[in-house]
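>>> sequence plus the predicted model coming up.
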Amino acid sequence: MPTADPIALLRDALGAAAQDVAGTRPRVELAPPARPEHGDLASPVAMALARSARRPPRDIAQDLAARVRADPALEGMLADVEVAGPGFLNLRLAPGWFAALLAHVRAGGAAFGSGTADPPQRVLLEFVSANPTGPPHVGHARQAATGDAVGRLLAFAGHAVTREYYVNDFGRQMELFGLSVAARYAEIVGDPPHPPEGGYGGDYVGQVARALHDEAGDAWRGRVSPPDGEAVAFFAERGGALMLAGIQEVLARFRVRFDAYFSETALHASGRVAQGVETLRAAGDAYAHEGAVWFRTSAYGDEKDRVLVRSDGATTYLAADVAYHQDKAARMGDRMIDVLGADHHGYVARLRAVLAAAGFDPDRLDVLIVQLVSLVEGGEARRMSKRAGTMVMLDDLIDDIGVDAARFFLLERSSDTTIELDLDLAREQSQENPVYYVQYAHARCCSILARAAEEGIAADAAAPPPAALDPSERAVALRLGEWPDVAGDAADRLAPHRVVAYLKDLAREFHGFYHRCPVLGEEPPVQRFRLELTEAVRAVVATGLDLLGVDAPERM
């Protein structure tokens, strides 16, 4: 059986027919019709040609149908082509077409659906970038799952992706963290603690203080009550380094990796923040007003201008972002993607202004805003506060529901919508749990294939197809044929939730097939075809779950 893409063969045949009929070759759309009795695939291509051809679309459709029926490249693949409605082409596919599709899927293996990037790009992807002042919490978890899945999708499509973590280790939040750790250290060495107003109060702060006491002993006794400047710097820097190491460990447990880390402190120390501000001033994009330096972001679509340097000489967070994004733009290759939290929605215009003012194309920047997550248990929402130490941490979420459920649920909805993660549902080991439902489809495939192997039965791609197919077999195969478009579209739109939706649909189709159609013990052509179908489902589900960072178990 040939391994050429049978969907591409249909598109090519319709495209060639359109060229003959109308003198133009449009993009050919193929999708299952709204009602299965109308065929397996339908195309509106005739209606797209009507204006340029100056003919009724039904007449064009009749001509296209005649040419497609006679196309030798589709011999044995079409049962019928009908014209319907205002000019739709409804295609009824022969078993040979479905057999060719399964052979094509199996030949692609884990790479089936990959390489859709046109053209491939070098992409700098920044995500999570949480302050090293505390462990990652559930909000960071959604950013981590989204950013990592986007990176996997882009790489699967053929892009060269660099994953970067911007370490916000500079400024007032680090000073508060250092003061908070110093206060806990003071308790350990017997000095009166001086916790800062608005500081950090989680148990992890005490753990950092104990770790630093293990390193330094009582060396800072007498200097933390209240802490002097050197002590604050030590506890902020060393405490921040320990927190970053802990963040890396938790993210690795969550199956998230980075290729590079970029320090905000190093950016300031190098003088690039001050240089970035001066670059904007020299270009006329920054100006002095009431003792402060302002970025003229309103000239680039922002609602108002923004402060870069306050009247006391302190730089703002935006000033560092100017330098960081100028640095990224100089080394980003073709495209730069920022995955930011919901509180950064107003930042998009400012970042685009940064690039435009520095002479870079702002359209090379994509900003993906990830909305908030709330946890629901027993029908009630959990209250969370990071500084009060009541935030649900990513580590705790993993311990509770596992990496697979956490990632799947966090990716199930578009990143621009808020989500409620139902912990009770995520804990369920039943088909009500969507990740369990999809993973069970993979495990079922593996079980069938293992039993076939024990009996010495193998799927044979060269075997002739059955004379007729069950509707559930057709439905599963057609869903498999959608995978390259789904994966490519999810990568283009930075939308891993589309993969989640596809996998749930494919699992539903396969479970329906499983209950309707025995695989083993059937007539040889039927058995071989259904084994081929089962192996194709197993491969695509495994690939899709991997792109989400979710395991595909062989047994459940």
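On my side now, so go ahead.
>>> and stretch 5-16, what's buried?
For stretch 5-16, burial by neighbour count (16 or more other CB atoms under 10 Å) applies to Asp5, Pro6, Ile7, Leu9, Leu10, Arg11, Asp12, Ala13, Leu14, Gly15, Ala16. No exception for glycine: its C-beta is placed from N, CA and C like everyone else's.
>>> mind listing which of those are in strands?
Among these, no member falls in strands (DSSP state E).
>>> out of those residues, which comes closest to Pro95?
Pro6 (11.8 Å; CB to CB).
>>> any idea how far the residue nearest to that closest one when sequence neighbours are not counted is from Leu531?
Nearest non-adjacent residue to Pro6, counting by CB to CB, 6 or more residues apart in numbering: Ala100, 4.3 Å away. Distance of Ala100 to Leu531, computed by CB to CB, to the nearest Å: 16 Å.
>>> just put the buried residues of stretch 5-16 in TSV and tack on distance to Ala441 and pLDDT.
Formatted as TSV, these follow (distance: CB to CB, whole Å; pLDDT from 0 to 100):
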residue	distance to Ala441	pLDDT
Asp5	24	91
Pro6	23	94
Ile7	22	94
Leu9	28	94
Leu10	27	95
Arg11	28	94
Asp12	32	95
Ala13	32	95
Leu14	32	95
Gly15	34	94
Ala16	37	94
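>>> among those, which lie within helices?
Of the positions in the buried residues of stretch 5-16, Pro6, Ile7, Leu9, Leu10, Arg11, Asp12, Ala13, Leu14, Gly15, Ala16 sit in helices, assigned by DSSP state H.
>>> next, count neighbours for the spatially closest residue to the fifth one that is not a sequence neighbour.
In space, and not counting its chain neighbours, Arg11 is closest to Val28: 4.4 Å by CB to CB, 6+ apart. Summarising burial for Val28: neighbours were counted as other CB atoms under 10 Å, giving 21.
>>> in terms of helix, strand or coil, where does Val28 fall?
The local conformation at Val28, judged by DSSP: H, G, I helix; E, B strand; the rest coil, is coil.
>>> what's the spacing between it and Ile60?
13 Å.
>>> which SSE is the residue nearest to Pro6 in?
If you go by DSSP states H and E, Ala100 is part of helix 95-108.
>>> in JSON lines: the ones in helices among the buried residues of stretch 5-16, plus distance to Gly151.
Shown next, in JSON lines, are these (distance: CB to CB, whole Å):
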{"residue": "Pro6", "distance to Gly151": "31"}
{"residue": "Ile7", "distance to Gly151": "27"}
{"residue": "Leu9", "distance to Gly151": "33"}
{"residue": "Leu10", "distance to Gly151": "33"}
{"residue": "Arg11", "distance to Gly151": "30"}
{"residue": "Asp12", "distance to Gly151": "33"}
{"residue": "Ala13", "distance to Gly151": "37"}
{"residue": "Leu14", "distance to Gly151": "35"}
{"residue": "Gly15", "distance to Gly151": "34"}
{"residue": "Ala16", "distance to Gly151": "38"}
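>>> now, among the residues you listed, which is nearest to Arg255?
Ile7 (31.9 Å).
>>> phi, psi of the residue nearest to Arg11?
Val28 has phi and psi values of phi -100, psi 120 when expressed as degrees, to the nearest 10.
>>> ok, it to Asp12 distance?
Taking CB to CB, one finds Val28 at 8 Å from Asp12.
>>> just checking, Met171 touches Thr316?
You called it Met, but residue 171 is Gly. No: here Gly171 lies out of contact with Thr316, judged by CB atoms under 8 Å, at a distance of 9.0 Å.
>>> ok, and what's touching stretch 315-323?
170-171, 264, 267-268, 272-277, 280, 295, 306-310, 347, 350-351, 354 (CB atoms under 8 Å, 6 or more residues apart in numbering).
>>> repeat the analysis, applying 7 Å as the threshold.
170-171, 264, 267-268, 272-273, 276-277, 280, 295, 306-310, 350-351, 354 (CB atoms under 7 Å, 6 or more residues apart in numbering).
>>> just the buried members of the residues you listed?
170-171, 264, 267-268, 272-273, 276-277, 280, 295, 306-309, 350-351, 354.
>>> out of those, name the ones that lie in helices.
Glu264, Leu267, His268, Arg272, Val273, Gly276, Val277, Leu280, Arg350, Leu351, Val354.
>>> just put the residues you listed in CSV and tack on distance to Thr162 and pLDDT.
Shown next, in CSV, are these (distance: CB to CB, whole Å; pLDDT from 0 to 100):
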residue, distance to Thr162, pLDDT
Glu264, 18, 96
Leu267, 18, 95
His268, 23, 95
Arg272, 19, 93
Val273, 22, 95
Gly276, 21, 92
Val277, 27, 93
Leu280, 26, 92
Arg350, 23, 89
Leu351, 18, 91
Val354, 20, 90
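>>> coming back round to it: now the helix holding Ala100, how far from the centre of its chain.
From the chain centre to the centre of helix 95-108 is a distance of 28 Å (CA atoms, centre = their mean, to the nearest Å).
>>> show me which residues of whatever helix or strand comes next after it are buried.
For helix 95-108, the following helix or strand on the C-terminal side (DSSP H and E) is strand 122-126. Residues of strand 122-126 classed as buried: Val123, Leu124, Leu125, Glu126 (neighbour count, 16+ other CB under 10 Å).
>>> show me the contact partners of strand 122-126.
Contacts of strand 122-126 (CB under 7 Å, 6+ apart): 147, 150-151, 154, 159-164, 166, 328, 332-339.
>>> 10 Å - rerun?
117, 147-148, 150-151, 154-155, 159-166, 258-260, 262, 324-325, 328-329, 331-340, 364-366, 368, 494 (CB atoms under 10 Å, 6 or more residues apart in numbering).
>>> just checking, which of the residues you listed belong to strands?
Reading strands off those with DSSP E, I get 160-166, 260, 262, 335-340, 365-366, 368.
>>> give me the buried entries from those.
161-166, 262, 335-340, 365, 368.
>>> measure Phe295 to Arg352 for me?
Counting by CB to CB - Phe295 and Arg352 are separated by 12 Å.
>>> between those two, what contacts are shared?
With CB under 10 Å, 6+ apart as the test, Phe295 and Arg352 both reach Asp302.
>>> ok, back up a step: among the buried residues of strand 122-126, which one lies nearest to Ala245?
Glu126 (19.6 Å).
>>> the lowest-mean-pLDDT helix or strand in the chain pairs with which strands?
Every helix and strand in the chain was compared by mean pLDDT, DSSP states H and E; the lowest is strand 380-381, with a mean of 79. The pairing partners recorded for strand 380-381 under DSSP bridges are strand 373-377 (antiparallel).
>>> I'd like to know how many residues surround Glu522.
15.
>>> and the strands in the stretch 151-300 of the chain, which stretches?
Secondary structure of the stretch 151-300 of the chain by DSSP state E, counting those that start in this stretch: the strands cover 160-167, 260-263, 286-289, 292-295.
>>> now distance to Gln207 too, for the ones you listed, in TSV please.
Output for these, formatted as TSV (distance: least, CB to CB, whole Å):
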stretch	distance to Gln207
strand 160-167	20
strand 260-263	22
strand 286-289	42
strand 292-295	39
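>>> select, out of the ones you listed, the one closest to Phe513.
When those are compared (using CB to CB), the closest one is strand 160-167, at 35.3 Å.
>>> what angle do that closest one and strand 122-126 make?
30 degrees (axes from the mean of the first three to the mean of the last three CA atoms, to 10 degrees).
>>> report the distance from strand 160-167 to the chain centre.
Going by CA atoms, centre = their mean, where strand 160-167 is centred and where its chain is centred differ by 14 Å.
>>> what angle do it and strand 335-341 make?
Going by the same axes, to 10 degrees, strand 160-167 makes 40 degrees with strand 335-341.
>>> partners of strand 160-167, with directions?
strand 122-126 (parallel), strand 260-263 (parallel).
>>> my guess is His497 contacts Ala490. True?
Yes: under the criterion of CB atoms under 10 Å, His497 makes contact with Ala490 at 8.0 Å.
>>> those two: which is more packed in?
Between His497 and Ala490, counting by other CB under 10 Å, Ala490 is the more crowded of the two (26 against 21).
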